[in-house]
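Chemist: quick one: sequence and predicted model below, then my questions.
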Number of protein chains: 4
Amino acid sequence: MRRLRMGMIGGGPEAFIGPVHRFAAEMDREIELVAGVFSSDAGRSAAAGESYRIDPARAYPSLDAMFAGESAREDGIDFVSIVTPNHNHLPSARAALVAGLPVITDKPLTATLAEAQELAGVVAAAGLPFGVTYTYSGYPLAREARARIAAGEIGTIRKVVVEYPQGWLAGEAVGKQAEWRVDPAKAGLGGCIGDIGVHAFQLAEFVTGLRVTEMLADLGAVVPGRLLDDDCSILLRFNNGARGVLLASQIEVGELNGLRIRAYGDKGGIVWKQEVPNTLTIHSLDGRTQIVHAGGSQLGPDAASRTRTPAGHPEGYLEAFANLYRDFAALVRGEAAPLLPGIADGVRGMTFIDTAVSASRAKAGWVKLEG
Amino acid sequence: MRRLRMGMIGGGPEAFIGPVHRFAAEMDREIELVAGVFSSDAGRSAAAGESYRIDPARAYPSLDAMFAGESAREDGIDFVSIVTPNHNHLPSARAALVAGLPVITDKPLTATLAEAQELAGVVAAAGLPFGVTYTYSGYPLAREARARIAAGEIGTIRKVVVEYPQGWLAGEAVGKQAEWRVDPAKAGLGGCIGDIGVHAFQLAEFVTGLRVTEMLADLGAVVPGRLLDDDCSILLRFNNGARGVLLASQIEVGELNGLRIRAYGDKGGIVWKQEVPNTLTIHSLDGRTQIVHAGGSQLGPDAASRTRTPAGHPEGYLEAFANLYRDFAALVRGEAAPLLPGIADGVRGMTFIDTAVSASRAKAGWVKLEG
Amino acid sequence: MRRLRMGMIGGGPEAFIGPVHRFAAEMDREIELVAGVFSSDAGRSAAAGESYRIDPARAYPSLDAMFAGESAREDGIDFVSIVTPNHNHLPSARAALVAGLPVITDKPLTATLAEAQELAGVVAAAGLPFGVTYTYSGYPLAREARARIAAGEIGTIRKVVVEYPQGWLAGEAVGKQAEWRVDPAKAGLGGCIGDIGVHAFQLAEFVTGLRVTEMLADLGAVVPGRLLDDDCSILLRFNNGARGVLLASQIEVGELNGLRIRAYGDKGGIVWKQEVPNTLTIHSLDGRTQIVHAGGSQLGPDAASRTRTPAGHPEGYLEAFANLYRDFAALVRGEAAPLLPGIADGVRGMTFIDTAVSASRAKAGWVKLEG
Amino acid sequence: MRRLRMGMIGGGPEAFIGPVHRFAAEMDREIELVAGVFSSDAGRSAAAGESYRIDPARAYPSLDAMFAGESAREDGIDFVSIVTPNHNHLPSARAALVAGLPVITDKPLTATLAEAQELAGVVAAAGLPFGVTYTYSGYPLAREARARIAAGEIGTIRKVVVEYPQGWLAGEAVGKQAEWRVDPAKAGLGGCIGDIGVHAFQLAEFVTGLRVTEMLADLGAVVPGRLLDDDCSILLRFNNGARGVLLASQIEVGELNGLRIRAYGDKGGIVWKQEVPNTLTIHSLDGRTQIVHAGGSQLGPDAASRTRTPAGHPEGYLEAFANLYRDFAALVRGEAAPLLPGIADGVRGMTFIDTAVSASRAKAGWVKLEG
């Protein structure tokens, strides 16, 4: 069974997430990066191609060039990975799908909800595999949490708290990574909400198996001069009546990447934190607290199949990301990958972002979350 | 300098907080429990007096009996401590103040805001020392956090997150401690909000030195059949424009007494957690993280004067509580005790509870917090 | 049942452990400090008495004066507490016992093994209650660990690691607390080994229920000019063949009071750390890890009877110390207190110190630990 | 600059460390696995080759076949990676070096010290790049600790404690991974000492920059029927006079892979733990404690150049391992890689193992560690 061949769109010099997708895609040797349009600038695309050590002929200056070049080869790419800023997701994905290539894209799905809905139509018409890299749902213990909740281990969920504190945008937005995120033209309508709030949202629905039906969003632009939100507080209601809170911020100085989720049911509670990803804490109503270790003997199949080393050998962000690519490779090979976020999850995330931004601007109080 | 003599009101058999006040009051040997009306039932009051090992003659069946008995003695009580359920705070405090005795009372100040305002009038008229035991502001490192923020160490505060998760009322409310807290007749209009939410509120204002000016409260009664709120999510605005979130819950299974506060400014961030009370984490905008230890060399005078052992010798809840009594003893002796919560803080807490409950019931959205 | 009346020997101005004994003795209101010889200097004894707020007439200048003065009172002391530097333990204890008073003393029992053996004879002859304050065996979860091991929860113990790192003597020994500890005339033959190593040793035997039978001691005086050991590494064998390691140091910069014990059997492992004293970690051979909380529902009676607050309300060093005094009060009242260290434990500790110091000096390799 | 081509020796079906080397080698895209002798059984070698998705023609049944086959290709391997059990390290490495191929091998270097010395001669004669994968020295924060100590941040080191607790061999040794490790014919003369003790030893010298000059080893075979040591306690002296302790065990139930090192100087202390690898704790003599984050702004170049993601995105074991391969790739390309362990470090590790085993068997007490 040969390795799948990946073409990357985006991920040029100074990119953060491009190399991460490369690490992740190749980790399990199911996929190999062979081509890319790493930048719309030909020179920068070539330079990036060199840094990735791919065949210089396959570092293309444009999507058209890549699709033409690759389709002419016997060993052409099998799919594309999109790692551009948000506003390029839709055109890139559409072009690839129209060219007959499966697509995996970074989140959020697009820059706007309208774009997302348009893309959903394209995906449906194409009938090709499509994945969205909500990274954190690739962590083994996030999957273990989901499986245990689905199995009823904490009973009926009553309360969910999901938080995503960061501090790196507390000062001036300096550097390529920061700059596009605070620019509405590139990031879309959401700042913090689209960059990390949507991760928290997706994780909450992923882990609990519930759907948010109502929300009350309070988004703020705290740093002077900022045009997009950098601090988000959102109250939630889920489809089973459970109450919830979603907090995300990029101005909490000293917070690194503190995504964490706590879910409480009528029989127990479960806690997982991205920064210490290899333990899961489970509380029971009778006062017992259990620690479950990644790589350990207490894992169910969803988690056990997505760890690579024994307990005590820390796996982290890149390995979680790789689990999504492993899922996606299965999908491309025609197998099932039920835990991989797809187009519906991508649209749902955009609905969430759009609803949060518009409800917050309108000071609308509680609103329904459609979809 | 002799020990001050304390009379307790409440704290009878099966009480939790009565013994805690006794531990706290006596810890530093500035105060001695000598008398009490531990129950309105004479037999139970006598039994409690025996358990506290006080002179049986001084375990009284009523407030009147205590005030009469004690005023007739040369070594009569110097003040009273009120540890009853909330609905008895006002009558107990009024009677004591009228009898010329300083008062320290457990929180919340009273069962209703109207009672609190009435009590404020009584206190003002009496002109006697009055304290409220917001326990957590007695912790040395909470005081250290306050002092450092006041000194500008984290700059202008932009965001405050204060959480108080508990899980002990997730099941049926069984036992004396649980029962009165879920009974509107005894607890007043607030459940979780009055029991622990108000602690979180007070800590947030105490540590940051800011005042909440607006809030949006979402209180719920989650456990079937519960009449008072047991889960609270509140969005905040402070008087300097800072954004905030206050979460309190008593149905989060496995959470013990997880009060914690995080404040973020434009120069740094500060984090303190009641369950690991002897460390304070301070982040700087330049990426440095510092850990400050209770009992260590890095403390300012507010904290250093309120620790009893060297760093590494854990102090906890009782010691924090004792710090409030040490403050109160100073007050009774005519000294200053600027960090001890007083009647204004008590009224403020009731205003918070009242506003939260009424705004949540009315689904009022953002409302002003007066006072 | 009246409070027992305690006379203190030692604990004068600048003392650390005297006030700690006072806190501990009085916490549960079973005991009251009423008299003392706080210093051999009459003025300093009086000053200390004032700081403790006792009757000035009962702050005595000498043991003889105290015994005479107290025996002449109807409400004279019931026992003495000895908190002097080590070299005064024997004469103080002997005098008290001869005067018919039960004794509780700080550890180590005496300055030398010979003194300890002499004291054992005095105690035996007196037939009076006698306790030694190995503080850490007063922690509820240390007792829980002991009970669970005794019940077979981790199977047959194979390995014990007990560590006691501190850093406060890494620099010059400045201040009253430091100075006597590094002075052979006051501390006796052991430095670190007598100050904290013996705590680790006692905790290891207390928790495991095993006895050390052989040891190999490597003691060093690291700080230039130091006359007594300040860093100790000791290999152990227990009476069931289990292997062990005991590490204690006072020159490990940044370590506060890091006593911790880990015991491993053929069915599980158990870990407890003094600096986070309110959780106990229990591992099973099948890969499960459980956290037990002080104050929680999973405790056995030895621990449950020695916690004062619900889970999540941190108790610490003073509360642990108070548990020993509660045990001792029971003993004085004629009840059983099987977990309180007594004269045999005190002699055993001195045997350990003496063996460690002499074997290390002689570079004797493995030696037997008698007793 | 093309990717280097790697041939693997060992790493067949059920192997743990083979896939780890593959992950690590390929992570930074400097290296590609293209060939291997994954097993001495041709069928098993082919099966492994398939699992690695390499060209079936390049999954060889023997070293000779691989060297012949690869040297005949234009795109033949550039070096070999040896991941067999210990007894095959010497013959594999010798054959590769004789065939003109650089070698990177798992630790310990060989099964015996004599073999190690023999291999050193072969390496010297070959004059080819040679690396040993002491994994833990690849962690960024272990390198940061080394750099800070070298810069004098904690002053002159006085004490080093390095521990490596595991529990996975506490029961019967079941499965391929366990079985060879407890078999003297495959593992060599050391059990736990060779499997993990040598890691602890190497890390201690790596981080501190000191050399162990004397040691006292106490090795035990605890599990009934075990032929090799499974529990090691070793006292150390370093070349600057510093005292040290090295503990390693594989029978401590519940311990996962708890390698940790603490070094204390006359100005500070530094603590790093493999299981929480992304923080480094630094203590100063004045009482300050600082936390340094992987990926953060406080890192020096050795660490900063070996992290792939921003602070808060956990990197772990595979990334640390990859850092060694990145070093090795540099070496093969003719660049410097001063932090990569080489043949001298390999021999030193074997000297340590040999000395520990023989001194422990002979109950020799303190012995010199040569080399």
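Modeler: All right, it came through fine. Numbering: from 1, shown residues only, chains lettered A, B, ... in the order given.

Chemist: flag every residue of the stretch 101-250 of chain A that's near chain D.
Modeler: Proximity of the stretch 101-250 of chain A to chain D, by Cβ under 8 Å from any Cβ of the partner chain, involves residues A:166, A:168. (Each C-beta comes from the backbone N, C-alpha and C, glycine too.)

Chemist: tell me which helix or strand the closest residue to residue A:336 other than its chain neighbours sits in.
Modeler: With Cβ to Cβ, 6 or more residues apart in numbering or on different chains as the criterion, residue A:336 has its nearest non-adjacent residue at 7.0 Å, and that residue is residue A:330. Secondary structure from DSSP states H and E places residue A:330 in helix A:317-332.

Chemist: and that helix, what does it pack against?
Modeler: helix A:17-26, strand A:103-106, strand A:130-133, helix A:140-150, helix D:317-332 (3 or more Cβ pairs under 8 Å, 6 or more residues apart in numbering or on different chains; DSSP states H and E).

Chemist: make JSON lines out of those and add mean neighbour count and distance to residue B:235.
Modeler: Below are the helices and strands packed on helix A:317-332 laid out as JSON lines (neighbours: other Cβ atoms under 10 Å in any protein chain shown; distance: least, Cβ to Cβ, whole Å):
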{"stretch": "helix A:17-26", "mean neighbour count": "24", "distance to residue B:235": "31"}
{"stretch": "strand A:103-106", "mean neighbour count": "28", "distance to residue B:235": "30"}
{"stretch": "strand A:130-133", "mean neighbour count": "27", "distance to residue B:235": "30"}
{"stretch": "helix A:140-150", "mean neighbour count": "24", "distance to residue B:235": "27"}
{"stretch": "helix D:317-332", "mean neighbour count": "25", "distance to residue B:235": "39"}
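
Chemist: determine the longest helix present in chain A.
Modeler: helix A:343-361 (DSSP state H).

Chemist: then that one to PDB, C-alphas only?
Modeler: Listed next in PDB are the C-alpha coordinates belonging to helix A:343-361 (Å, rounded to 0.1, in the frame of the first residue of the first chain):
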ATOM      1  CA  ILE A 343     -17.600  19.700   5.800                       C
ATOM      2  CA  ALA A 344     -20.600  19.700   8.000                       C
ATOM      3  CA  ASP A 345     -18.400  20.400  11.000                       C
ATOM      4  CA  GLY A 346     -16.700  23.100   9.100                       C
ATOM      5  CA  VAL A 347     -20.000  24.800   8.200                       C
ATOM      6  CA  ARG A 348     -21.100  24.400  11.800                       C
ATOM      7  CA  GLY A 349     -18.000  26.100  13.000                       C
ATOM      8  CA  MET A 350     -18.600  29.000  10.600                       C
ATOM      9  CA  THR A 351     -22.200  29.200  11.800                       C
ATOM     10  CA  PHE A 352     -21.000  29.500  15.300                       C
ATOM     11  CA  ILE A 353     -18.500  32.200  14.400                       C
ATOM     12  CA  ASP A 354     -21.000  34.100  12.400                       C
ATOM     13  CA  THR A 355     -23.700  33.800  15.100                       C
ATOM     14  CA  ALA A 356     -21.300  34.900  17.800                       C
ATOM     15  CA  VAL A 357     -20.000  37.900  16.000                       C
ATOM     16  CA  SER A 358     -23.300  39.100  14.800                       C
ATOM     17  CA  ALA A 359     -25.200  38.500  18.100                       C
ATOM     18  CA  SER A 360     -22.400  40.200  20.000                       C
ATOM     19  CA  ARG A 361     -22.400  43.200  17.800                       C
END
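
Chemist: and that helix, what does it pack against?
Modeler: helix A:113-126, strand A:130-133, helix A:198-208, strand A:212-220.

Chemist: in a markdown table: those, plus mean pLDDT.
Modeler: Shown next, in a markdown table, are the helices and strands packed on helix A:343-361 (pLDDT from 0 to 100):
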| stretch | mean pLDDT |
| --- | --- |
| helix A:113-126 | 98 |
| strand A:130-133 | 98 |
| helix A:198-208 | 98 |
| strand A:212-220 | 98 |
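
Chemist: residue C:227: which of those is closest?
Modeler: Distance to residue C:227, taken as Cβ to Cβ, is lowest for helix A:198-208 among the helices and strands packed on helix A:343-361, at 59.6 Å.

Chemist: so that closest one versus helix A:140-150, what angle?
Modeler: Per axes from the mean of the first three to the mean of the last three Cα atoms, to 10 degrees, the angle that helix A:198-208 makes with helix A:140-150 is 50 degrees.

Chemist: what angle separates helix A:198-208 from helix A:343-361?
Modeler: Using the same axes, to 10 degrees: helix A:198-208 against helix A:343-361 is 120 degrees.

Chemist: mind putting the helices and strands packed on helix A:343-361 into JSON lines with distance to residue D:306?
Modeler: JSON lines is the format used below for those (distance: least, Cβ to Cβ, whole Å):
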{"stretch": "helix A:113-126", "distance to residue D:306": "38"}
{"stretch": "strand A:130-133", "distance to residue D:306": "25"}
{"stretch": "helix A:198-208", "distance to residue D:306": "26"}
{"stretch": "strand A:212-220", "distance to residue D:306": "37"}
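
Chemist: go through the longest helix of chain A and flag the buried ones.
Modeler: For helix A:343-361, burial by neighbour count (16 or more other Cβ atoms under 10 Å in any protein chain shown) applies to A:343, A:345-357, A:359-360.

Chemist: same check, this time on stretch A:97-104
Modeler: A:97, A:99, A:101-104.

Chemist: and stretch A:34-45, by the same measure?
Modeler: Neighbour-count burial for stretch A:34-45 [16+ other Cβ under 10 Å]: A:34-39, A:44-45.

Chemist: list just the nearest of these to chain C.
Modeler: Taking Cβ to the nearest Cβ as the measure, chain C sits nearest to residue A:34 out of the buried residues of stretch A:34-45, at 41.0 Å.

Chemist: so the closest one is in which element?
Modeler: Counting by DSSP H and E, residue A:34 is part of strand A:31-37.

Chemist: tell me the helix or strand right after that strand.
Modeler: By DSSP H and E, the next helix or strand past strand A:31-37 is helix A:42-51.

Chemist: if we can go back for a sec, now the angle from the helix holding residue A:330 to strand A:31-37?
Modeler: 90 degrees.

Chemist: nearest residue to the residue of chain A positioned farthest from its centre in space, please, no chain neighbours.
Modeler: Taking Cα atoms, centre = their mean, the residue of chain A most remote from its mean C-alpha position is residue A:286, at 35.6 Å. Leaving aside its sequence neighbours, residue A:286 sits nearest to residue C:297 (Cβ to Cβ, 6+ apart; 6.4 Å).

Chemist: what's the burial count for the one you found?
Modeler: 13 (other Cβ atoms under 10 Å in any protein chain shown).

Chemist: most tightly packed of the helices and strands packed on helix A:343-361?
Modeler: Of the helices and strands packed on helix A:343-361, the one with the most neighbours on average (mean count of other Cβ atoms under 10 Å in any protein chain shown) is strand A:130-133, at a mean of 27.
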